[in-house]
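**Q** predicted coordinates and the sequence they were generated for:
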Amino acid sequence: MPRFADILLPLALEEALTYGVPADLQLVVGQRVVVQLGKRKRYTGFVVRLHDEVPAEGVELKFVEEVVDATPLLREEQLRFWEWLSQYYMCTKGEVLKAALPSGLKLESEMRLTRSESPTQVEEMTPLQRQVFQLLDVEKPITLDDIASKLQRASIINTVRQMIERGWVEVREAMRESFRARTETYVKLPDAVVLEDKIDVLFDSLRKGGKPYALLLAYTDLARATTALRLRNPKLLAEVSRAQLLQRVEGGDAALRALIEKGYLESYAVEVGRLKTCAATETLGMRPLNDHQQRALGQIHASFEQHDITLLHGVTSSGKTEVYMKLIEEVLAQGKQVLYMLPEIALTTQITTRLGRVFGDKMGVYHSKFPDAERVELWQRQLTDKAFPLILGVRSSLFLPFQNLGLIIVDEEHESSYKQQDPAPRYHARDAALVLAQQLGAKVLLGTATPSLESYYKARQGRYGLVEMRERFGGVQLPEIIVEDVKELKRKKMMKTPFSPRLKDEIAGALERKEQAILFLNRRGYSPVLDCHKCGWTPKCSQCDVSLTYHQREQRLVCHYCGKSYDVPRTCPNCHEADFRDIGYGTEKIQAAIEAVFPNARTARMDLDTTRSRAAYEQIIRKFQQGETDILIGTQMLTKGLDFDRVSVVGIINADQLTNMPDFRAHERAFQMLSQVAGRAGRRGKQGKVVLQTRQVDHPLTNQVVTNDFFGMYAEQMQERQYFRYPPFYRVINIYLKHRDDRTVEAAAAYLASLLRPHFPTDLLGPERPLVARVQLQYIRKFVLKVAPNFLPASVRTTLRAAYNVMRNHPDFKGLTIYYDVDPL
Ligand code: ADP
Ligand code: ZN
Ligand code: ZN
């Protein structure tokens with residue numbers, strides 16, 4: 001056995017630390033162990049290397065204390081991929097490890113734990129575990145450290161780890177506390193009724209037309225019980241919540257209680273986050289592809305002969321998802337694994353259901369908002385021979401162990417939410433997926449209706465394969481886009497509301513035909529600015545350099561940068577008048593305005609404020625899908641590939657707000673967003689209408705969106721990108737400096753400039769104060785480094801890393817935060 005082990009800890013340490021291996025321990029790479037760091041703290045870390053190189057003298061050598069799991073939790077390939085991530089995105093390996101692992105796999109002495117709420121089998125616990133359990137409380141978390149010292153033990157990590165895995169103990173991260181697991185009541189038919197197909201007996205005993213009868217009827221519909229009963233299989237019942245059922249039968253509370261008392265229905269509690277959407281649906285076969293889809297599939301096969309990466313550019317609703325499903329089926333049949341990546345949580349609900357119907361229990365879903373225990377469970381399962389062959393996940397699923405990955409599908413590859421902004425690693429999941437696939441010998445399919453310029457450029461250069469689908473499925477036409485000139489309408493005094501006359505007409509028509517409408521505005525809250533009518537004073541965040549957004553429902557002013565919220569002042573602190581105006585529109589105000597125009601329409605809003613929990617997301621989407629909502633108002637969340645059947649009108653309230661952003665990607669992004677939101681209109685057999693409101697009818701973007709001219713947009717933007725030296729021609733690295741004191745950050749920026757300027761005489765821009773120059777009490781300076789294609793990235797990184805180390809250790813700049821954002825979005 002080698003004498004030393006390099007242990008990687010989930011901390012922002014530059015490198016793994018070397019520990020001694022006690023003679024009686026057998027270690028392997030990837031295994032989780034307990035080590036001590038500093039005087040008292042203990043962490044679980046991972047063995048990344050075993051060797052006999054004696055560490056430098058003068059450092060006290062500590063020994064690995066315990067082995068946590070019998071077998072490794074990491075595969076060597078994962079370590080290789082993480083190594084690449086930390087190098088390319090210029091962060092530490094520990095930061096990658098921290099981001100990669102679910103909390104339950106990275107125990108440390110400061111981790112806060114609580115007792116789980118669900119009833120627990122105390123008999124099954126060891127005496128020590130029982131002691132631990134008694135120390136814990138449901139509400140008040142205590143740290144591993146506290147537990148260890150209260151029980152007078154050096155380390156308790158292993159004991160607690162087992163308890164976490166059994167679900168007895170929960171890890172409380174700061175973030176998670178605000179998303180406390182809630183339970184919701186569900187009802188179902190007793191198994192016996194289904195097994196013996198006795199539903200008729202129940203119905204016969206109830207009076208037709210009575211509330212209990214109506215409830216049971218509504219239940220069988222919602223639960224899709226017919227199939228379950230016919231096949232006598234309770235597993236096929238869809239889950240039905242009490243709330244959902246009561247929505248169908250008004251005032252059915254008492255009747256439902258009676259049904260449950262009589263044993264006609266059973267009630268049970270489900271933790272909201274744990275809803276298994278796909279477990280209950282029956283596995284159906286795949287639908288046959290149509291000719292266009294068949295051709296695209298053939299072209300993808302051919303393309304994969306030549307290229308490891310292929311871009312599938314297919315208009316909205318061309319049936320790309322079905323093509324993916326066929327490909328998945330083929331790869332699974334070869335005994336290989338598939339990773340299906342989605343940009344965001346909003347999408348997973350619909351896609352989970354669609355894929356779940358076909359792939360059933362072959363599919364695992366990995367999501368950062370899932371309970372930690374579930375993520376740990378999936379991780380461990382992926383290391384066994386029971387590994388899910390298909391994983392559906394958001395960007396963090398790249399970190400999972402894969403045994404034989406054959407294909408990665410990156411759906412909606414243009415989406416900016418694939419990029420992690422904070423904290424490090426600030427990686428782009430699409431780009432990282434390309435590297436992961438290359439390391440594991442897998443193919444990648446990038447799919448979208450509106451490719452990123454980067455991907456499209458590479459496809460046109462022949463570095464990626466390119467497959468196009470130009471027809472919508474079922475011959476549905478792309479929507480008709482009507483441009484409304486808001487400036488002109490205002491002049492003619494025809495914009496009394498935020499909706500043009502044409503938009504109002506179209507919505508009215510849709511409502512009459514029992515169709516639905518979507519209104520898009522990329523700004524949440526009620527109004528972005530509140531000001532004093534008399535003196536013009538506007539409330540600002542005390543921690544950031546931005547004005548506060550007014551949220552009417554909560555009667556609060558909220559900072560959209562740091563989240564801090566404030567009471568609305570009664571009077572102006574400047575002139576003491578009480579006369580505030582709200583200026584401009586957010587989604588909340590749009591909702592109020594449309595309700596004023598159509599008082600009978602049922603509206604809902606989908607933005608960050610209304611979708612704090614996964615359940616809330618799912619409910620908004622479900623209600624809209626089932627036609628319980630007529631008008632859905634939302635931000636860019638709406639643009640992400642949701643598939644609704646009955647939307648015939650889409651209103652874009654203010655297209656200019658997207659193009660006027662000071663960002664070289666603004667035009668590209670506006671095109672993507674507008675085309676995507678327009679694509680929600682008119683599916684299944686009917687052309688939809690899109691009303692696009694703008695003050696800049698002559699802006700080239702308007703015409704590009706109206707004619708769905710992706711190529712025109714591409715060609716025009718590529719000229720600008722080349723001229724102004726932006727990606728994909730140049731690589732951009734942003735450098736950020738943050739400090740509580742404005743003078744310190746100013747001095748630090750000047751000093752950093754003096755270090756870097758000699759290496760990049762023309763390509764380093766800044767330092768500048770960003771548009772929002774202070775966030776959360778930290779003053780910010782920013783550099784933009786454009787790296788020419790002929791600069792070797794490795795040498796650039798070496799230079800930057802050296803500068804970073806100088807800055808970090810400089811005595812004048814204590815408390816300075818400095819980081820790089822590689823390929824920023
Ligand atoms: P995209 O992913 O390109 O936006 P989808 O895969 O969502 O397109 O397909 C659009 C619509 O057409 C969906 O409602 C889907 O159910 C339907 N559809 C696509 N392909 C088929 C098929 N082969 N058979 C039946 N319906 C299909
Ligand atoms: Zn005032
Ligand atoms: Zn703020």
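**A** Happy to help now that I have it. Ligands and ions are numbered 1, 2, ... in the order given.

**Q** tell me how many other residues surround whatever residue of the stretch 351-500 of the chain ends up closest to ligand 1.
**A** Distances between the stretch 351-500 of the chain and ligand 1 by Cβ to the nearest ligand atom are smallest at Phe473, namely 3.7 Å. C-beta coordinates here come from the backbone N, C-alpha and C atoms, glycine included. Neighbourhood size, Phe473 [other Cβ atoms under 10 Å]: 20.

**Q** also Asp545?
**A** 16.

**Q** about what we covered before: please read off the pLDDT at the residue of the stretch 351-500 of the chain closest to ligand 1 from the model.
**A** In the prediction, the pLDDT value recorded for Phe473 is 86.

**Q** how about it, nearest residue that isn't a chain neighbour?
**A** Nearest non-adjacent residue to Phe473, counting by Cβ to Cβ, 6 or more residues apart in numbering: Gly319, 3.9 Å away.

**Q** sec struct for Lys490, please.
**A** When classified by DSSP: H, G, I helix; E, B strand; the rest coil, Lys490 comes out as helix.

**Q** quick one: it from ligand 2, how far?
**A** The gap separating Lys490 from ligand 2 is 27 Å, by Cβ to the ion, to the nearest Å.

**Q** count the residues that sit near that residue.
**A** Neighbours of Lys490 (other Cβ under 10 Å): 13.

**Q** what separation is there between it and Ser500?
**A** 10 Å (Cβ to Cβ, to the nearest Å).

**Q** interface residues of this structure facing ligand 1?
**A** 287-290, 293, 314, 316-322, 473, 643, 683 (Cβ under 6 Å from any ligand atom).

**Q** circling back to that earlier point, is it true that the residue nearest to Phe473 touches Gln293?
**A** Yes: using Cβ atoms under 8 Å, Gly319 is in contact with Gln293, at 5.0 Å.

**Q** please enumerate the shared neighbours of the two.
**A** Counting by Cβ atoms under 8 Å, 6 or more residues apart in numbering, the shared contacts of Gly319 and Gln293 are 469, 473.

**Q** now tell me which helix or strand of the chain has the poorest mean pLDDT.
**A** helix 174-178 (a mean of 32; mean pLDDT, DSSP states H and E).

**Q** in its sheet, what does the helix or strand that comes right after that helix sit against?
**A** Later in the chain than helix 174-178, the nearest helix or strand by DSSP states H and E is strand 183-188. The strands beside strand 183-188 in its sheet (DSSP bridges) come out as strand 240-241 (antiparallel), strand 266-271 (antiparallel).

**Q** could you look over these and pick the most buried one?
**A** strand 240-241 (a mean of 20; mean count of other Cβ atoms under 10 Å).

**Q** what does the helix or strand that comes right after that one contact?
**A** Moving toward the C-terminus from strand 240-241, the first helix or strand encountered (DSSP H and E) is helix 242-248. By Cβ under 8 Å, 6+ apart, the residues outside helix 242-248 that reach it are 184-187, 214-215, 218-219, 221-222, 252-253, 256, 267, 628.

**Q** next helix or strand past the strand or helix carrying Thr220?
**A** If you go by DSSP H and E, Thr220 is part of helix 211-222. The helix or strand immediately downstream of helix 211-222 is helix 225-230, counting by DSSP H and E.

**Q** give me the helices and strands touching that following helix, please.
**A** helix 191-195 (3 or more Cβ pairs under 8 Å, 6 or more residues apart in numbering; DSSP states H and E).

**Q** what about 10 Å?
**A** helix 191-195, helix 199-204, helix 211-222 (3 or more Cβ pairs under 10 Å, 6 or more residues apart in numbering; DSSP states H and E).

**Q** center of this protein - which residue?
**A** Centroid-nearest residue in the chain, with Cα atoms, centre = their mean: Glu344, separated by 3.4 Å.

**Q** from memory that one sits against Lys419, does it?
**A** No: taking contacts as Cβ atoms under 10 Å, Glu344 lies outside contact range of Lys419: 11.7 Å.

**Q** shared neighbours of the two, which are they?
**A** Listed as contacting both Glu344 and Lys419 by Cβ atoms under 10 Å, 6 or more residues apart in numbering are Arg395.

**Q** that older thread, can you turn the buried part of the residues of the chain next to ligand 1 into a ChimeraX selection?
**A** To isolate the buried ones among these in ChimeraX, judged by 16 or more other Cβ atoms under 10 Å, type:
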select :289,293,314,316,317,318,319,320,321,322,473,643,683
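
**Q** from the residues of the chain next to ligand 1, which two are the most distant?
**A** Based on Cβ to Cβ, the longest span within the residues of the chain next to ligand 1 runs between Pro288 and Thr316 and measures 21.5 Å.

**Q** returning to that earlier point: contact partners of the helix holding Thr220?
**A** 187-189, 199, 202-203, 205-208, 210, 225-226, 228-229, 237-241, 244-256, 258-259, 262, 264-265, 626.

**Q** buried ones among the residues you listed?
**A** Applying 16+ other Cβ under 10 Å to these flags 187-189, 199, 202, 206, 225, 228-229, 237-241, 244-246, 249, 252, 255-256, 259, 264-265 as buried.

**Q** how about Arg757, what does it touch?
**A** Contact partners of Arg757, counting by Cβ under 10 Å, 6+ apart, are Leu764.

**Q** and it, how close does it get to Phe783?
**A** Arg757 is 10 Å from Phe783, by Cβ to Cβ.

**Q** next: Leu405.
**A** 37 Å.

**Q** for ligand 1, what's the nearest residue on the stretch 551-700 of the chain?
**A** Asp643 (4.6 Å).

**Q** widest-spaced pair of the contacts of helix 242-248?
**A** The span of these, defined through Cβ to Cβ, is set by Ser267 and Glu628 at 22.9 Å.

**Q** need the pLDDT of the residue nearest to Phe473.
**A** 92.

**Q** wait, what's in contact with the closest residue to ligand 3 within the stretch 301-450 of the chain?
**A** Residue of the stretch 301-450 of the chain nearest ligand 3, by Cβ to the ion: Asp422 (14.6 Å). By Cβ under 10 Å, 6+ apart, the contact set of Asp422 is 819, 821.

**Q** likewise Arg42?
**A** 34-36, 65-66, 107-110, 144-145, 148, 154-157 are the contacts of Arg42 under Cβ under 10 Å, 6+ apart.

**Q** can you turn the buried part of those residues into a ChimeraX selection?
**A** Entered in ChimeraX, the line below selects the buried ones among these, by 16+ other Cβ under 10 Å:
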select :34,35,36,65,66,107,108,109,144,145,148,155,156,157
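
**Q** can you give me the helices for the stretch 501-650 of the chain?
**A** Listed in chain order, the helices of the stretch 501-650 of the chain (DSSP state H, counting those that start in this stretch) span 501-512, 587-597, 614-625.

**Q** for Ala670, which of those helices is the nearest?
**A** helix 587-597 (17.8 Å).

**Q** quick one: the closest one to chain centroid distance?
**A** Relative to its chain's centre, helix 587-597 lies at 28 Å (Cα atoms, centre = their mean, to the nearest Å).

**Q** please apply the same query to stretch 375-386.
**A** Centre-to-centre, stretch 375-386 and its host chain are 21 Å apart (Cα atoms, centre = their mean).
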